[in-house]
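Peer 1: Got a sequence here, can you build the structure:
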Amino acid sequence: MANVAKNVDIQSYRIPLGVCAGICPFNFPAMIPLWMYPLAITLGNTYVLKPSEKVPGATDIMIDLLK
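Peer 2: As a prediction, this is how the structure comes out:
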């Protein structure tokens, strides 16, 4: 994209990173992964999710919905 501002140009590269990872906190077991994994998967990356050991059920439900 040319001329975003005076003497400033922007370039975007849509290249998958490969593997992305997320760690779920116990106080937001669904919200934090839902910010991260849809974008990572949409862009062609593999996503590794480490669920909270205190609240693993939220991650189980999200994985069932992905299937």
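Peer 1: Where does pLDDT dip in this structure?
Peer 2: 1-4 (pLDDT under 70).
Peer 1: let's go with 80 and repeat that
Peer 2: Scanning the chain for pLDDT under 80 picks out 1-8, 12-15.
Peer 1: what about the longest helix in it?
Peer 2: Ranked by number of residues, the top helix in the chain under DSSP state H is helix 31-42.
Peer 1: Can you show me the strands along the protein?
Peer 2: Counting by DSSP state E, one finds strands in the chain at the ranges 19-23, 46-50.
Peer 1: Using CSV, lay out these together with mean neighbour count.
Peer 2: Placement of C-beta: from N, CA and C, glycine included. Shown next, in CSV, are the strands of the chain (neighbours: other C-beta atoms under 10 Å):
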stretch, mean neighbour count
strand 19-23, 14
strand 46-50, 13
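Peer 1: Output these as a markdown table; include the columns distance to Ala5.
Peer 2: Output for those, formatted as a markdown table (distance: least, C-beta to C-beta, whole Å):
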| stretch | distance to Ala5 |
| --- | --- |
| strand 19-23 | 31 |
| strand 46-50 | 34 |
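Peer 1: circling back to that earlier point, which residues touch the longest helix of the chain?
Peer 2: By C-beta atoms under 8 Å, 6 or more residues apart in numbering, the surrounding residues in contact with helix 31-42 are 20, 22, 24-25, 47, 49, 59, 62.
Peer 1: so it versus strand 19-23, what angle?
Peer 2: 170 degrees (axes from the mean of the first three to the mean of the last three C-alpha atoms, to 10 degrees).
Peer 1: Only C-alpha atoms, please: export helix 31-42 in CSV.
Peer 2: In CSV, the C-alpha atoms belonging to helix 31-42 read as follows (Å, rounded to 0.1, in the frame of the first residue of the first chain):
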residue,chain,number,x,y,z
MET,A,31,-11.7,-15.8,25.9
ILE,A,32,-7.9,-15.7,25.5
PRO,A,33,-7.6,-18.7,23.1
LEU,A,34,-10.6,-17.4,21.1
TRP,A,35,-8.5,-14.3,20.4
MET,A,36,-5.6,-16.3,19.2
TYR,A,37,-6.5,-19.6,17.5
PRO,A,38,-9.1,-18.5,14.9
LEU,A,39,-6.6,-16.1,13.3
ALA,A,40,-3.7,-18.6,13.5
ILE,A,41,-5.7,-21.4,11.9
THR,A,42,-7.2,-19.1,9.2
